[in-house]
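*Asks:* 3D model of this:
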Amino acid sequence: MKKLGLLPKLILGIIIGIILGKMKVLVIVQLLATFNGLFGNFLGFVIPLIIIGFVAPGIGDLGGNAGKLLGVAVLVAYGSTVVSGSFAYLVDSTLFPSFLKAGSLAIDAANPEHALVGPLMKVAMPPIMDVMSALLIAFVIGLGIAASKGHTIKNVMNEFQGIVEGIIKVIIIPLLPFHIAGIFANMTYAGQVETILSVFAKVFGIIIIMHLLILLFQFTVGGMLNGANPITLLRNMVPAYMTAVGTQSSAATIPVTLAQTKKNGVNDGIAEFTIPLFATIHLSGSTITLTSCALAVMMLHDMPYTFGSFFGFILMLGVTMVAAPGVPGGAVMAALGLLESMLHFDQNLLSLMIALYLAQDSFGTACNVTGDGALSLIVNRIAGFKLEKK
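*Replies:* Next up is the predicted model:
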């Protein structure tokens, strides 16, 4: 199992969970539901720590590179993220109702046999603070680090971020396949898994198409500003896209993204500044995936939604995912607090979101890093440079 990547482990967990659910042995499903309850409660306890551990240092690091160009780059990245999320909502809200039956996974009190199995016992793990308090503390500390010239608090927060990353890498990520197995065993036992699999196969297809469309839009803007062919510029970034699909990491793809961005003619200094920065603050692909999966889950569970509520979620998403951890699923881990506080997801829905997001993580990351090359083109032009022939 150690040699398998996370995605194969998750797929194996889904298969095993479906098999166990099909066996219809109640005690097995109850034991798995008990594990899921404990894991979900622990995840709820960790969410405020994740927010503080990632958002505060991320904002603080941005402040350490003060300058007009930094402000321009941050605004371009944030704008791209917000446009991508809004685009995803408009497409999803138009297409999803055509194949997704609203409320098909909602608990029907008249049919208790279709309800999820409860755990054998519960252990309360209340978080030390609510999500909004954690966000406010993270913003205050992050802005304080950015405004201060000292390094003590910054070093403390960087070490705290390392601790939280360790919790994700050592506890949460390794246990996720078992958690996913329990979720799918329970849904199979309750007769819900067929709906999930059939619906999200189509959802994922729409997500990948939206990734490609937003990349085409980004490179069209970058190409127009620089008087270059956007298709040629986008084609030059294909090696970065494929590398990200394999590594699932924006950070690990930086060398390839940087080389291909320079190949597109971006000034060396601009490229060397923007590409590492965008790798941590520009997540257009991840935003499309999170928005789409969240809306689909809400529709399936007959939860109310409006563009206003989702637009607020998207605006906050662009901030909380800043410097998301360099582990698979970092973006969804950083977004859990918003899903809970703004879209009212419970622990079961948060766990389902983790599984769904991780299934698309490679393609979301590939969209992120490829788009970084387009945004570098935009910043290059704003800074007054023309594309150089390489």
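*Asks:* pull the longest helix from this protein.
*Replies:* helix 26-63 (DSSP state H).
*Asks:* buried stuff in it?
*Replies:* 28-44, 46-63 (16 or more other CB atoms under 10 Å). Glycine gets a C-beta too; all of them are placed from N, C-alpha and C.
*Asks:* now stretch 253-266
*Replies:* Within stretch 253-266, the residues scored as buried using 16+ other CB under 10 Å are Thr253, Ile254, Val256, Thr257, Leu258, Gln260, Thr261, Lys262, Asn264, Gly265, Val266.
*Asks:* Name the residues that touch it?
*Replies:* Contacts to stretch 253-266, defined as CB atoms under 8 Å, 6 or more residues apart in numbering, come from residues 226, 228, 233, 236-237, 239-240, 243-244, 247, 268, 271-272, 274-276, 279, 365, 369-370, 372-373, 376-377, 380, 385-390.
*Asks:* how many neighbours does Gln248 have?
*Replies:* By other CB atoms under 10 Å, 23 other residues sit near Gln248.
*Asks:* I figured it hits Asn368, correct?
*Replies:* No: using CB atoms under 8 Å, Gln248 is not in contact with Asn368; the gap is 10.8 Å.
*Asks:* about what we covered before: quick check: the farthest pair among the buried residues of stretch 253-266?
*Replies:* Thr253 and Gly265 (19.9 Å; CB to CB).
*Asks:* Next, the contact list for Phe160, please.
*Replies:* Residues near Phe160 by CB under 8 Å, 6+ apart: Ile52, Gly53, Pro57.
*Asks:* Can you show me the CA trace of stretch 352-366 as CSV?
*Replies:* Taking Å, rounded to 0.1, in the frame of the first residue of the first chain, the C-alpha atoms of stretch 352-366 are listed here in CSV:
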residue,chain,number,x,y,z
LEU,A,352,-17.5,13.5,0.8
MET,A,353,-16.1,16.8,-0.6
ILE,A,354,-12.6,15.7,0.3
ALA,A,355,-13.1,12.4,-1.6
LEU,A,356,-14.6,14.2,-4.6
TYR,A,357,-12.0,16.9,-4.7
LEU,A,358,-9.0,14.5,-4.4
ALA,A,359,-10.4,12.5,-7.4
GLN,A,360,-9.9,15.7,-9.5
ASP,A,361,-6.8,17.1,-7.7
SER,A,362,-4.4,16.3,-10.5
PHE,A,363,-6.4,18.2,-13.2
GLY,A,364,-7.2,21.1,-10.9
THR,A,365,-3.5,21.5,-10.1
ALA,A,366,-2.7,21.3,-13.8
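*Asks:* Show me the helices in the stretch 201-350 of the chain, by range?
*Replies:* 230-236, 238-247, 250-263, 268-281, 284-300, 307-320, 330-341, 347-382 (DSSP state H, counting those that start in this stretch).
*Asks:* Can you check which of these gets nearest to Gly13?
*Replies:* Taking the helices of the stretch 201-350 of the chain one by one with CB to CB, helix 347-382 is closest: 8.4 Å.
*Asks:* what angle separates the closest one from helix 250-263?
*Replies:* 20 degrees (axes from the mean of the first three to the mean of the last three CA atoms, to 10 degrees).
*Asks:* Okay, angle between helix 347-382 and helix 238-247 too, please.
*Replies:* Using the same axes, to 10 degrees: helix 347-382 against helix 238-247 is 160 degrees.
*Asks:* quick one: helix 347-382 to chain centroid distance?
*Replies:* How far helix 347-382 lies from its chain's middle: 7 Å, per CA atoms, centre = their mean, to the nearest Å.
*Asks:* Number the chain from 17, please
*Replies:* Shifting the count to begin at 17 puts that one at helix 363-398.
*Asks:* between it and helix 300-316, how big is the angle?
*Replies:* 150 degrees.
*Asks:* what ranges of the stretch 217-366 of the chain fall below the confidence cut-off?
*Replies:* 262-263, 268, 338-345 (pLDDT under 70).
*Asks:* Now Asn174: which helix or strand?
*Replies:* helix 168-183 (DSSP states H and E).
*Asks:* quick check: mean pLDDT across that helix?
*Replies:* In this model, helix 168-183 has a mean pLDDT of 88.
*Asks:* Tell me how far Tyr205 lies from Pro73.
*Replies:* 42 Å (CB to CB, to the nearest Å).
*Asks:* Next: Val272.
*Replies:* For Val272, the distance to Pro73 - CB to CB - is 25 Å.
*Asks:* First-to-last residue distance for stretch 255-270?
*Replies:* One end of stretch 255-270 sits 11 Å from the other (CA to CA, to the nearest Å).
*Asks:* And that stretch, what's buried?
*Replies:* Under the neighbour-count rule (16+ other CB under 10 Å), stretch 255-270 has 255-257, 259-261, 263-266, 268-270 buried.
*Asks:* want to try CSV for those, with distance to Cys309 as columns?
*Replies:* Below are these laid out as CSV (distance: CB to CB, whole Å):
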residue, distance to Cys309
Pro255, 28
Ala256, 24
Tyr257, 21
Thr259, 24
Ala260, 19
Val261, 19
Thr263, 22
Gln264, 17
Ser265, 20
Ser266, 19
Ala268, 24
Thr269, 23
Ile270, 26
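*Asks:* Thank you, goodbye.
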